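Student: model the structure of this input:
(4 chains)
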There are 4 protein chains.
Amino acid sequence: MWKRIRRDLGKTGESFWIPENLEIKEKGNRMERREIYTKITGKAETMKQELVKIRRDFHRYPELGWMEMRTSSIIASYLKRVGCDEVLVGRDVCLDEARMGLPADEVLDRHYEEAAAQEGTELAYLSDTKGGFTGVVGILRCGEGPTVAFRFDMDALPVLECKEEAHYPTKEGFASRNTGVMHACGHDGHMTVGLGTAKILCELREQLHGTVKFIFQPAEEGVRGAKSIVEHGHLDDVDYVLGAHMGGGLEQKEAAIGIGDGESLATVKYDVEFYGKGSHAAASPEEGKNAMLAMATAILNLHAIPRSGKGDTRVNVGRVVAGTGRNIICEHAHMEMEVRGMTTEANTYMKEYAERIIRSAAEMHDCTCEMKLMGAAMNGINDDALSDRLAKVCEEDLHLPVVRLKKGGAGGSEDYSYMSERVQSHGGQSCYFMNLSCCTGTLHNERFNFWEEALVNGVKAFCGIAVELLQ
Amino acid sequence: MWKRIRRDLGKTGESFWIPENLEIKEKGNRMERREIYTKITGKAETMKQELVKIRRDFHRYPELGWMEMRTSSIIASYLKRVGCDEVLVGRDVCLDEARMGLPADEVLDRHYEEAAAQEGTELAYLSDTKGGFTGVVGILRCGEGPTVAFRFDMDALPVLECKEEAHYPTKEGFASRNTGVMHACGHDGHMTVGLGTAKILCELREQLHGTVKFIFQPAEEGVRGAKSIVEHGHLDDVDYVLGAHMGGGLEQKEAAIGIGDGESLATVKYDVEFYGKGSHAAASPEEGKNAMLAMATAILNLHAIPRSGKGDTRVNVGRVVAGTGRNIICEHAHMEMEVRGMTTEANTYMKEYAERIIRSAAEMHDCTCEMKLMGAAMNGINDDALSDRLAKVCEEDLHLPVVRLKKGGAGGSEDYSYMSERVQSHGGQSCYFMNLSCCTGTLHNERFNFWEEALVNGVKAFCGIAVELLQ
Amino acid sequence: MWKRIRRDLGKTGESFWIPENLEIKEKGNRMERREIYTKITGKAETMKQELVKIRRDFHRYPELGWMEMRTSSIIASYLKRVGCDEVLVGRDVCLDEARMGLPADEVLDRHYEEAAAQEGTELAYLSDTKGGFTGVVGILRCGEGPTVAFRFDMDALPVLECKEEAHYPTKEGFASRNTGVMHACGHDGHMTVGLGTAKILCELREQLHGTVKFIFQPAEEGVRGAKSIVEHGHLDDVDYVLGAHMGGGLEQKEAAIGIGDGESLATVKYDVEFYGKGSHAAASPEEGKNAMLAMATAILNLHAIPRSGKGDTRVNVGRVVAGTGRNIICEHAHMEMEVRGMTTEANTYMKEYAERIIRSAAEMHDCTCEMKLMGAAMNGINDDALSDRLAKVCEEDLHLPVVRLKKGGAGGSEDYSYMSERVQSHGGQSCYFMNLSCCTGTLHNERFNFWEEALVNGVKAFCGIAVELLQ
Amino acid sequence: MWKRIRRDLGKTGESFWIPENLEIKEKGNRMERREIYTKITGKAETMKQELVKIRRDFHRYPELGWMEMRTSSIIASYLKRVGCDEVLVGRDVCLDEARMGLPADEVLDRHYEEAAAQEGTELAYLSDTKGGFTGVVGILRCGEGPTVAFRFDMDALPVLECKEEAHYPTKEGFASRNTGVMHACGHDGHMTVGLGTAKILCELREQLHGTVKFIFQPAEEGVRGAKSIVEHGHLDDVDYVLGAHMGGGLEQKEAAIGIGDGESLATVKYDVEFYGKGSHAAASPEEGKNAMLAMATAILNLHAIPRSGKGDTRVNVGRVVAGTGRNIICEHAHMEMEVRGMTTEANTYMKEYAERIIRSAAEMHDCTCEMKLMGAAMNGINDDALSDRLAKVCEEDLHLPVVRLKKGGAGGSEDYSYMSERVQSHGGQSCYFMNLSCCTGTLHNERFNFWEEALVNGVKAFCGIAVELLQ
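Tutor: As a prediction, the model looks like this:
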């Protein structure tokens, strides 16, 4: 049996669990720790070739958000094989109606056929993904104790991979075979780290007391997927949640763990349709309802939303397509936009102001409008207590270089924030950290590549914090 | 007793009245005509000095719209003196709630005091004008027959009169003594013509069969006054309505009567207030409601109302005052705008679109708005039948030069259109013509002046058409 | 030999030619006229089946602007066959650099291959059309005398033809076989009338004294083609130019010739590109150059160009495509717009204002811009003298019903105006008239169809006016 | 003789001076410190009645920026009387051409006459202020050593002081006698603290080694005055600069010293004039050049400047006045605007973008524009080392309550930043702190009042830090 010990460390209340019959004997535990961390280090390093192989396979067959069908099948199969007690797939992972920014049915169906035909797909798990039900949750149950969740994101980007020989994946022969799709954001590495971590923790399950959830999330790009996992309830019983992102510039001479404040911007993303009425622009412009004017008014006013004193904000109309012909009053305008806020309050201010602008701009020109939510993320922030524990484990137990970052999220917005917010809302803790190595290109660039040493470091860090939290 | 004779002359049905016991004996009447027109001509020419004196007095004491208090008192007194059967003043002229664009109470009250103190004011009629109830209607009743209405506008403009010696009113010593107010639109002449016409027709009343209404209308500038006279009902029984405007450029070498289509643009004029909420523009812009952005959005979108295929249109935001300080989110914005349309349909399109824009621009920035109707006019157009009769009378009977104009209103908008529309709506006819002479300056300019010969011509034309219609 | 006789008829100076040794003997000529008009009438009616066949062939194989390759080959072949003295094709028709709104090279090349393979193409004339050099001019020289030009436009529209059985072309089996392209503006009829006219006039060449040019113009839709024919010089020696458009609603119970003022709006059409710089909309929006804001500012301000007192105007931004992704500052925006003016002066005002807005909107957001002229037309207006002669010929000589229209162009803009303007600029005359019949659908609609009786009427009218002008 | 000792304290290099023949004997000095701080405390408390009297006199006769004529004369006289070695006034304080946002000459002249007539004005110093040369610098020279500058701002606000009895100045009879002008930002207190500090430090001059400058700055409101003092060179030899602002809400139960990061936003403020051309909005709108449209376009686009990733930004158009009449195309528009940036880089981005928008908006509508710089401030930030020393002195030596603030400037922008930037640019340090007490109203409100206990605290704090830095 366990008991929860609460200690006041810094501004966030921290709590942890200890066996009921024990007193806190930190010195004694530290002795056993040395042994287990040595094991983790050894296993991770031994696993390097396997990790590289897994990563390159993912990189070779990248899949866009909600279409990680081959990917999901391989992950589910692997988790089952290494000994997870439970492997959830399909509708057991993402809540149907909470999925945002889903591709059209025919796009999903077409890719399903492609995935079925692709080398390496684990057909036993494929059918569960039909209709965009990608994502996998592996659960390792080690008796009573806290629950720790690790989140790994899965989707690739609509980027045409660089074909130059100097580009490492090209040189080593694992460049994308799905033309126009590329793992240019390191998610291939994230998933690989997740699988390696699962394998080692399953082997060390006797040393753990509590539960580990390995959450493989679809559709992070566009912040579309996390919400549906959270709303399914997978984070409701979680005490600690952690995630990580590949990163680091050319100046990052050694692979390291970067820990910052994990801050990311809250965001809301809409596709907006303005519906007017066409008419001949010379003969009877007054009979039209000008969706072009509604859209132009919205664009200018959206950008003109007054700044907020409650936190830095952002707004962008990034893409529009409107009208059919030069001499026809525009009948339909399509607009893709987003707002962001450094705080939830600032983001809500932007969201509500934007909605009002869009509605009023439509009304102004006698048009109607529809707003379709295409993505959203909360404002994320690390808990100092968990960040400090992670830093200590990495430095003292795993002998990994640690960089304390001023800012420490991946920049911009991350829908990991849905998970951290849910965990923090019931008193749990979150930490989102950087898995640093010497990267070429920048994130989302056709030349992006990380150093594969980071795969080993990532596995060490996740295994290490699991032991810290569950031993 | 009279009987109404209807004849189909051109596209508008024309009707007129003849004594019941008579047949139409045009030849015979024409004989008598010669005599009566000779009388009109003689009386008008004899009256020239009096007309000049009246005009110069009006010019010397110009009064803005709804503040023609001294002016009204003099007109009422004159009409009574020359023998009108009835002289309506005060609330009997303009319907209180239909008066548009009224000055503030304190402005009205202050001018009332000034008018009371001014030389020439007829105190017996002054108190009726208190609170902006200016305007006079004189009625000459000559037994049964059609009713003819003549309209003369009364108000001056907020223009500082030219002080150069070459400016005729300055040279002759009758320049405005009300600094910053000037009869720069010829209304001093219009009223003078009205009084001269009334005097002569009263003298000729035995020759007339029917009723003549001399309508002296306040607040034509800004098209604010006509509606309240129409809504009082003064035009409901009118068969023919006529009005005239001074005009002509330097090339107009002889005074003449100009007759065109009388077309004027329908228009609606609003004062708009946007109400938001102030806040510090650096510390808490998000707490404000930005009336400045609402206004700017309205300005751009008002001008961007798509053109109409139903007729040429106009829109203008001519004046705005908004905000209190550079670093305060603007709490209140005031905007003066107008729309126009060559047809009533086009004007209505503009009006409704403009109202929607203003409302939506306010909503867009979480503000409220108020629109105050400051003026309006219908689309006016002459009846060809009446125009032709007027032309014939002037040329054949009065031997006045007649110019057939391509366009023949004063240009822009005229709230005379309220009167013509009411008369035409029950089958009557309207004609708005130009009293041309060699004018200096342009209308509304500080140097505007017309040739006083036009006063005599105007009297002849109005008297002449009265005889034509009522003899 | 001929001599030019000038007579002052109405506001436009009219001139015509007579044989040098003759006096004007109208009565005598009228006798001969009867005979020749009887011949025209007979020939046209006899030709009806041929006309219908030609029209249905054109309708079956519609071709878009600058791609009337099969069409041109058939026309050239026909004109040659019926006896035109000269048939110009390829680069002899349109001046290369004056062609506006040309499709991309690969589109032209692809269609060239298609046309080569299509049934009916006259291969002897096809190669001249390569690269978009469509258009044909047939010349009939009948000795000295005035030069008359008849203009027929050739291109179809990107409209998917109606497949319902009730649609006449579907029912009769001549619906478009080029999917998505349709003669929905009656140009199939225009060309057919042109060929019929050419055939009959060639047969009657002995009766004519002067020159007839049959101008078959490409790319009228988007007002792209006329300028290049005019700039080639084909209108420089023309004394009279005429054109006609199919039209008429369901209420048009008999085929008739409609003659109005021929007024069309001058217009200029631009494709505009705004070039900015992309950047991440959350991380570094300040590093971008926002082409979306430039475009939105341009759209609003273009529509907000103040109306002109010099004539009714139009402006429209009908189509835009901008940006690549929601969270990227827009790097490139494409905008398709047009301005129009009832007078050349009003159109020039709009054009220059629009150019300034576009340039300034780009500069405002540190972007650059390009404007590509995609089409243009002058302001067209009929000469009353020529209209009256046409009306008289139709009514008195050809016994065709004539409708005097209030407005008489096809509405909107027509690049026929380039031709009329050139002819009028050296003292010649122009008339653009309507070939009315009971039409289904409206112009540009997928159901549009005219009554084939109109083909015969058109031939009669063109032949008739040719005889009137050249006999 | 002195020697400069540099020590590394925190992130900013700190240096100080010690007599050449001494070693650092902190313990020994601390003994003497106790004695001198006891003296400061005693003198400040004894002075309370005098401070209150001075403050109330300033409050009674508030003067707007660049018009602190009476105020300057009293300050100069006082500084001279208490023993400053040098007292600079008139053109020796502010560099003429660097003064921003100066009132019109006639306004300055009128107030000069008023000030001359007002009770309490020290006429000996008044003439130096003529033409807006207000501001005073008092210098106390105590041999070699560092130079410390204290800045006190002088101007009042255009606020009508509250007349309710509950308002303390009203109740105590020292409410403003200059109607419509009020010390609603606490500058009356700032100056009083400055005078009290000068008096005590003059008395303690034997204990000091170095120079103290008492800078009384005009025209802080609108950030107009500091630059001209800095550009005169008064900060060029300064090692430490400090300033303070009254503050605190109703919850501030005891007077205290608040120390934060002193951060303020960089800002630039412009008055913008758009010049177009008037014309009649119905008859000839195309002949105008519409300054209203230029302004509206500028307003929307200024607010729409994309946010910056380089630091939070602000923009506001706070006040506009444009146009003369509803039916006239607007000829002139006046606009008051400002931009701000949390960093100098962000502010420069906003400034340059804003200038480009204004220029382009004018060009777009064929107008011209003028931008007049009305105020500017740099980005200010405290040096932690100096802040920490101030905190230690207040707490340990003066036994004053100290509140460590999260943010610690007065909020918004402060042109004190011109001084801190100049001092920091040559290696010196700056600290701007809050003089907290229970304040009624908020800053700039008609009910604003601070607790007069804060006057004593302020004197203690400034004297204390002077001793810390110069003993």
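Student: just the element for the one residue in the stretch 101-250 of chain A that gets nearest to chain C, please.
Tutor: Nearest residue of the stretch 101-250 of chain A to chain C, counting by Cβ to the nearest Cβ: A:Gly222, 7.5 Å away. Using the backbone N, CA and C atoms, a C-beta is placed for each residue, glycine as well. Using DSSP states H and E, A:Gly222 sits in no helix or strand.
Student: also A:Val403?
Tutor: Counting by DSSP H and E, A:Val403 is part of strand A:402-404.
Student: now the strands for the stretch 51-200 of chain A?
Tutor: With strands called from DSSP state E, counting those that start in this stretch, the stretch 51-200 of chain A shows them at A:86-88, A:136-142, A:147-153.
Student: quick one: those strands as TSV, columns for mean pLDDT, mean neighbour count and distance to D:Ile358 too.
Tutor: Shown next, in TSV, are the strands of the stretch 51-200 of chain A (pLDDT from 0 to 100; neighbours: other Cβ atoms under 10 Å in any protein chain shown; distance: least, Cβ to Cβ, whole Å):
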stretch	mean pLDDT	mean neighbour count	distance to D:Ile358
strand A:86-88	97	19	59
strand A:136-142	97	23	56
strand A:147-153	98	25	45
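Student: of those, which is nearest C:Ala117?
Tutor: strand A:147-153 (52.3 Å; Cβ to Cβ).
Student: name the surrounding residues that touch that closest one.
Tutor: A:187, A:190-191, A:193-194, A:197, A:210-218, A:220, A:225-226, A:234-235, A:237-243, A:416, A:419, A:423, A:462, A:465-466, A:469-470 (Cβ atoms under 8 Å, 6 or more residues apart in numbering or on different chains).
Student: and the helix or strand A:Ser228 falls within, average pLDDT?
Tutor: Using DSSP H and E, the element containing A:Ser228 is helix A:226-232. What helix A:226-232 shows for mean pLDDT is 97.
Student: cool, stretch A:34-54 as well?
Tutor: On average, stretch A:34-54 scores 96.
Student: in it, what counts as buried?
Tutor: Within stretch A:34-54, the residues scored as buried using 16 or more other Cβ atoms under 10 Å in any protein chain shown are A:36-37, A:39-41, A:43-44, A:47, A:51-52, A:54.
Student: kindly report the same for stretch A:74-82.
Tutor: A:74-80, A:82.
Student: ok, which residues in the stretch 151-300 of chain A are in contact with chain C?
Tutor: A:222, A:265, A:267, A:269, A:280-283, A:285, A:290, A:292-293, A:295-297, A:299-300 (Cβ under 8 Å from any Cβ of the partner chain).
Student: show me chain A divided up by domain.
Tutor: A:40-264+A:380-470, A:266-377 (automatic domain parsing).
Student: ok, back up a step: just the buried residues of stretch A:34-54: which are in helices?
Tutor: In this view, the buried residues of stretch A:34-54 that belong to helices under DSSP state H are A:36-37, A:39-41, A:43-44, A:51-52, A:54.
Student: so what pLDDT did the nearest residue to A:Thr324 once chain neighbours are set aside get?
Tutor: When the adjacent residues along the chain are set aside, A:Thr324 lies closest to C:Arg319, with 6.3 Å between them (Cβ to Cβ, 6 or more residues apart in numbering or on different chains). pLDDT, C:Arg319: 97.
Student: C:Arg319 sits in which helix or strand?
Tutor: strand C:313-322.
Student: distance between that strand and the chain's centre?
Tutor: 22 Å (Cα atoms, centre = their mean, to the nearest Å).
Student: now do the helix or strand following that strand against strand C:313-322, angle only.
Tutor: As assigned by DSSP H and E, the chain's next helix or strand after strand C:313-322 is strand C:332-341. In terms of direction (axes from the mean of the first three to the mean of the last three Cα atoms, to 10 degrees), strand C:332-341 departs from strand C:313-322 by 170 degrees.
Student: give the other helices and strands that strand C:332-341 contacts.
Tutor: Applying 3 or more Cβ pairs under 8 Å, 6 or more residues apart in numbering or on different chains; DSSP states H and E, one finds that strand C:332-341 contacts strand C:266-275, helix C:291-303, strand C:313-322, helix C:344-364.
Student: now those in CSV, with mean neighbour count?
Tutor: Listed next are the helices and strands packed on strand C:332-341 as CSV, based on neighbours: other Cβ atoms under 10 Å in any protein chain shown:
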stretch, mean neighbour count
strand C:266-275, 23
helix C:291-303, 29
strand C:313-322, 24
helix C:344-364, 21
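Student: which of these sits closest to B:Ala333?
Tutor: Judging those by Cβ to Cβ, what sits closest to B:Ala333 is helix C:291-303, at 18.5 Å.
Student: let me know the next secondary structure element after the strand holding A:Val403.
Tutor: Heading C-terminal from strand A:402-404 (DSSP H and E), you reach helix A:416-425.
Student: pull the next helix or strand after that next one out as CSV, backbone CA atoms only.
Tutor: Next along the chain after helix A:416-425, taking DSSP H and E as the criterion, comes strand A:429-436. Extracted C-alpha coordinates of strand A:429-436, given in CSV (Å, rounded to 0.1, in the frame of the first residue of the first chain):
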residue,chain,number,x,y,z
GLN,A,429,2.3,18.2,-12.5
SER,A,430,3.6,18.7,-16.0
CYS,A,431,6.9,19.1,-17.7
TYR,A,432,7.6,19.6,-21.4
PHE,A,433,11.3,19.5,-22.2
MET,A,434,13.7,19.7,-25.2
ASN,A,435,15.7,16.8,-26.5
LEU,A,436,18.6,18.8,-27.9
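Student: how far does strand A:429-436 sit from its chain's centre?
Tutor: Distance, centroid of strand A:429-436 to centroid of chain: 12 Å (Cα atoms, centre = their mean).
Student: now swap in stretch A:120-131 and tell me
Tutor: The answer for stretch A:120-131 is 22 Å, by Cα atoms, centre = their mean.
Student: which strand residues bridge A:Cys142?
Tutor: Bridge pairing for A:Cys142 (DSSP bridges) gives the partners A:Gly210.
Student: pull the contacting residues for it.
Tutor: A:205-206, A:208-212, A:470.
Student: from chain C, how far off is the residue lying closest to A:Met335 once chain neighbours are set aside?
Tutor: Once flanking residues are discounted, A:Met335 sits nearest to A:Val272: 4.4 Å by Cβ to Cβ, 6+ apart. If you measure A:Val272 against chain C using Cβ to the nearest Cβ, to the nearest Å, the figure is 11 Å.
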